[in-house]
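**Student:** need a 3D model of the sequence below.
(chains A and B)
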Amino acid sequence: MTEHQPTAVISGIGSCLPPRVLSNEEVTRRGALDTTDAWIRTRTGIARRHQAEAGTSTADLAVAAGRAALRSGRAQADLVLLATTTPDRRCPGTAPEIAHRLGLGPVPAFDLAAVCSGFVYGLAVATGLLRSGLCARPLVIGAETYSTIIDPLDRDTAVIFGDGAGAVLLRSGDRDEPGAVQAFDLGSDGTGSDLIAIAAGGSRHPDTAGPVGRDTRYFRMRGREVYGQAVRRMTDSSLAVLRQLHWAPESIGAFIGHQANQRILNSVADRIGIAARHRFGNIREVGNTAAASIPLALAATVARQAVLPGTRSLFTAFGGGLTWGSVALHWPEAVPHTNAPETRMTASPAPRTHHKETRCKPSTTVS
Amino acid sequence: MQAVYDRLVAVLTDKFQVAASDIGPDISLSDLEFDSLAVVELYVTLQEDWNVELEEDDSAAEMTLKKFAESVELQLRAAPSPTGQGAGR
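**Tutor:** Model (predicted):
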């Protein structure tokens, strides 16, 4: 990007968290896990997480967060990009249904699979599409229902992940504006593709091949190896994007890392050289919500007006694939909105002309 | 070996805030209440210090610090072009 080219600007921010909150004690009790609230807090920084009710899908959260972002940005979107690990169905993508339920008409809509890096990847793709002229107001949503893929008996993952959705609406604007995206760094390393994975359900181990055990049916993560990779990749990616802009780490006034684990976040921020007062997040309240983690942390931080709009900011993420990505931007000035999940009346898609949906409550400003 | 051990002690006291009086060659990381993630963090730190890849030993937490330093020393010797203590960040 050059100084005079327009870029994407975050003009709307939305979020959706399912109302049900699971404490560490509940997670531990449910899975008969050999752990305690103190152990989980010390090891991960997580005190509670939200869980979607049975029958509430990723799209239900994404529609709510997307609608909140549209209201926040006071505009309609002309493209929908959903970053998720937990689509409603393996086929088709979930984004077209989201676009339909948002009343956006026949706009381009597609899913993006980069696990916990999905939102940063999505922001990069949407920025590129906007700059190419293919769209003017892309809606980027990170939404997850990890409760549908987590093994409640697996201590390594059951205590970490939560459900939720966050969204941003983009528009074209000037690089000097609050919310203006400045630069990206993206990367992947497929040699680590087994470190974070669900073994069954894809073409390598199709569901049609017969029953599978817990280890192949559920999401699995090799935590210790992931920790080392996450620290190195997010640190290096963050420094790379800062170098592109000649931004010194100490000039960053707001840092949001993927809310994987508080100790990883601390380790990364220490290595980049971000002072503790400039680190923001909400992992304690929501756990790791994968692709939704950065937009949820952004929405919560903007809502409490903790950062001055226009402040130099850095978001970085790492996830399965392995994938990682960082984005440097100016802190947005949009007023975030939040919605309760918008659960569909029917479990399976109804014909388009008879499609029904209910909204649990109207959009409200995050407090 | 002594240089590696001394660097290990320096990292434990400076970065991990372990009291120097608690550290000794026959003490394990587990004795110092290091959990598995803290052990990984220690490996990452040492790798940055020496700018080499270190294979993480599954039993590192239970090793004495003397054994741990020996294990790292062996890997440093085998590394293609270690840049010496203090290299990297």
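
**Student:** tally of neighbours for residue 28?
**Tutor:** Defaulting to chain A. 19 (other CB atoms under 10 Å in any protein chain shown). In short, each C-beta sits where N, CA and C put it, glycine included.

**Student:** that's the wrong chain, I meant chain B
**Tutor:** B:Ser28 has 17 nearby residues by other CB under 10 Å.

**Student:** who's it bridged to?
**Tutor:** Beta bridges link B:Ser28 to B:Thr64 when assigned by DSSP bridges.

**Student:** so for it, what's the pLDDT?
**Tutor:** Note on B:Ser28: pLDDT of 92.

**Student:** ok, A:Arg74 touching A:Gly12?
**Tutor:** Yes. Contact between A:Arg74 and A:Gly12 holds when scored by CB atoms under 8 Å: they sit 7.3 Å apart.

**Student:** which one's more surrounded, the two?
**Tutor:** A:Gly12 (27 against 11).

**Student:** dump stretch A:148-161 to PDB, restricted to CA.
**Tutor:** Once non-C-alpha atoms are left out, stretch A:148-161 reads as follows in PDB (Å, rounded to 0.1, in the frame of the first residue of the first chain):
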ATOM      1  CA  THR A 148     -19.900 -28.800  19.100                       C
ATOM      2  CA  ILE A 149     -16.400 -30.100  18.400                       C
ATOM      3  CA  ILE A 150     -14.800 -30.100  21.900                       C
ATOM      4  CA  ASP A 151     -14.500 -33.400  23.900                       C
ATOM      5  CA  PRO A 152     -15.800 -32.500  27.400                       C
ATOM      6  CA  LEU A 153     -13.600 -35.300  28.800                       C
ATOM      7  CA  ASP A 154     -10.400 -33.700  27.300                       C
ATOM      8  CA  ARG A 155      -8.800 -31.500  29.900                       C
ATOM      9  CA  ASP A 156      -6.400 -30.000  27.300                       C
ATOM     10  CA  THR A 157      -9.200 -28.400  25.300                       C
ATOM     11  CA  ALA A 158     -12.500 -28.500  27.300                       C
ATOM     12  CA  VAL A 159     -11.400 -25.800  29.700                       C
ATOM     13  CA  ILE A 160     -10.100 -23.500  27.000                       C
ATOM     14  CA  PHE A 161     -12.600 -23.000  24.300                       C
END
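
**Student:** coming back round to it: so what's in contact with A:Arg74 and A:Gly12 at the same time?
**Tutor:** Residues touching both A:Arg74 and A:Gly12 (CB atoms under 8 Å, 6 or more residues apart in numbering or on different chains): none.

**Student:** buried stuff in stretch A:257-270?
**Tutor:** Buried residues in stretch A:257-270, defined by neighbour count with 16 or more other CB atoms under 10 Å in any protein chain shown: A:257-270.
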